[in-house]
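In: sharing a model prediction with you, sequence too.
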Amino acid sequence: MNAPDPIPVTGPDLDLMRDALGSSTLSHGLRRLGDRWTVQILMGAFMGVRRFDDFQTRLGIPRHTLSQRLKALVAMDMLRLHPYQTHPPRNEYRLAPRGLAMYDAVLMVWDWEHRFGEGDFPLPRRLIHKSCGHAFLPKLSCDACGEEVTMGDLAIRLRPNPRLPAEAAADTRTPRVPIEGATLSLGLRLDRWALMIVIAVTLGCRHFDQLSHVLGIGPSVLSRRLQGLVEAGLLKVTPDRDDQRRRVYLLTPASRALFGYLTTFATWASETLFNEPSSIAPIHRACGKPFTARASCSHCHARLFPQDVTFEMEA
Ligand SMILES: [Zn+2]
Ligand SMILES: [Zn+2]
């Protein structure tokens, strides 16, 4: 049922992969935004949530956590404060251009959550593209030629970026906001660690020691992480065909489907957050151009912008 994963590097060059992953806009972007609460707040903002109490009741985020994440998003100029009441003064949170530019990635998360999520927060039930008048699903497409793209359509090149300091992906220096109780819970399926492991497997790392080297994660933490991903259905583990003593980690339909999110997020981080090319540099084989990820309408194939889309909420 599953298409074979592409093996973009022949016999993975682990040092190259480590340097490329460490200096990728994906890794650096996830470090800033990879916490699930932050992503949920942004998704809420795209669904029209603006006020603190509405974020809290609709997303079920603890007040203190919500307050920290909102502050961080304002500091990053993803959200901006707009006064809506003067006595007493109250502000609401609206998406700034930098936040709005994340729309492709947000659509990809919605789509993924619909198919594989645990249904633990409200999502649009149906998306309608006003430009063409049809309900649609967001599709991953190539900005250069506009064609729909899957993982197998890309040839991935790795070019470490010396301008983004090559920090180890597993670097656990203090995040910008303290994340209490939200870092290592295995229930959080889309946190930064999970996504970095998924991208390493996507790039061709199959074995425990390869993942440990490329991500700079020590054996006991990596072992816990991998077990959590297997339990969450994001990886499967099987004995190596060539060496029964070893085990290989493979993508599942759920983790393969994260490709749209990972590539649109990396594109957003490159274009909007860092103004730097990604060290993970795919080429779209069919058109021969460097691949820039966009979300497009499954009906008319046009690129999707927030102002062109309406949605119906789940009951
Ligand atoms: Zn193309
Ligand atoms: Zn359309």
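Out: Perfect, I can see it now. Numbering: from 1, shown residues only. Ligands and ions are numbered 1, 2, ... in the order given.
In: for this structure, which residues are neighbours of ligand 1?
Out: 142, 144, 145, 284, 287 (CB under 5 Å from the ion). Placement of C-beta: from N, CA and C, glycine included.
In: and those, which are buried?
Out: For the residues of the chain next to ligand 1, a burial check counting by 16 or more other CB atoms under 10 Å picks out 142, 284.
In: what's the mean pLDDT across stretch 14-25?
Out: Averaged across stretch 14-25, the pLDDT comes to 94.
In: and if you look at stretch 210-224?
Out: For stretch 210-224, the per-residue pLDDT averages 93.
In: just checking the distance from that stretch to the centre of its chain.
Out: Its chain's C-alpha centre and that of stretch 210-224 lie 20 Å apart, by CA atoms, centre = their mean, to the nearest Å.
In: how far does that stretch stretch from one end to the other?
Out: End-to-end distance for stretch 210-224, by CA to CA, to the nearest Å: 16 Å.
In: and it, what's buried?
Out: Buried residues in stretch 210-224 (16+ other CB under 10 Å): 210, 211, 212, 213, 214, 215, 216, 217, 222.
In: right, and the second one touches residue 237 too?
Out: No. The pair residue 211 and residue 237 does not pass the contact test of CB atoms under 8 Å, sitting 11.6 Å apart.
In: please see if stretch 122-139 touches ligand 2.
Out: Yes. Stretch 122-139 reaches ligand 2 (CB under 5 Å from the ion) through 129, 132.
In: list the contacts of that stretch.
Out: Stretch 122-139 has contacts (CB atoms under 8 Å, 6 or more residues apart in numbering) with 43, 47, 58-59, 104, 107-108, 110-111, 113-114, 117, 148, 260, 295-302, 304, 308-315.
In: out of the residues you listed, which are buried?
Out: 43, 47, 58-59, 104, 107-108, 110-111, 113, 117, 260, 295-299, 302, 304, 309, 311.
In: so, low pLDDT: which residues of the stretch 201-315 of the chain?
Out: For the stretch 201-315 of the chain, the stretches flagged by pLDDT under 70 are 314-315.
In: in three-state terms, label the residue of the chain most remote from its centre for me.
Out: Residue farthest from the centre of the chain, counting by CA atoms, centre = their mean, is residue 87 at 39.6 Å. On the three-state scheme (DSSP: H, G, I helix; E, B strand; the rest coil), residue 87 is labelled coil.
In: can you count the residues close to residue 248?
Out: If you count neighbours by other CB atoms under 10 Å, residue 248 ends up with 19.
In: any common contacting residues for residue 211 and residue 237?
Out: By CB under 8 Å, 6+ apart, residue 211 and residue 237 have these common neighbours: 226, 249.
In: of the contacts of stretch 122-139, which are in range of ligand 2?
Out: When contact is defined as CB under 5 Å from the ion, the contacts of stretch 122-139 meet ligand 2 at 297, 299, 300.
In: just the closest of the residues you listed to ligand 1, please.
Out: For these, the minimum distance to ligand 1 (CB to the ion) is 16.7 Å, reached by residue 297.
In: in strands, which of the buried ones among the contacts of stretch 122-139 fall?
Out: Among the buried ones among the contacts of stretch 122-139, the members falling in strands (DSSP state E) are 295, 296, 297, 309, 311.
In: would TSV of the residues you listed with distance to residue 206 be doable?
Out: Compiled in TSV, these are given as follows (distance: CB to CB, whole Å):
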residue	distance to residue 206
295	29
296	32
297	35
309	38
311	39
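In: max pairwise distance over those: which two?
Out: 296 and 311 (16.6 Å; CB to CB).
In: can you map out the strands along the stretch 151-300 of the chain?
Out: Using DSSP state E, counting those that start in this stretch, the strands of the stretch 151-300 of the chain run over residues 154-158, 235-239, 247-251, 280-284, 293-297.
In: what comes up buried for the third one?
Out: When burial is assessed from 16+ other CB under 10 Å, strand 247-251 yields the following buried residues: 248, 249, 251.
In: got a list of what the residue nearest to residue 239 when sequence neighbours are not counted touches?
Out: Sequence neighbours aside, residue 247 is the residue nearest to residue 239 in space, at 6.0 Å (criterion: CB to CB, 6 or more residues apart in numbering). By CB under 8 Å, 6+ apart, residue 247 lies in contact with 207, 208, 237, 238, 239, 240.
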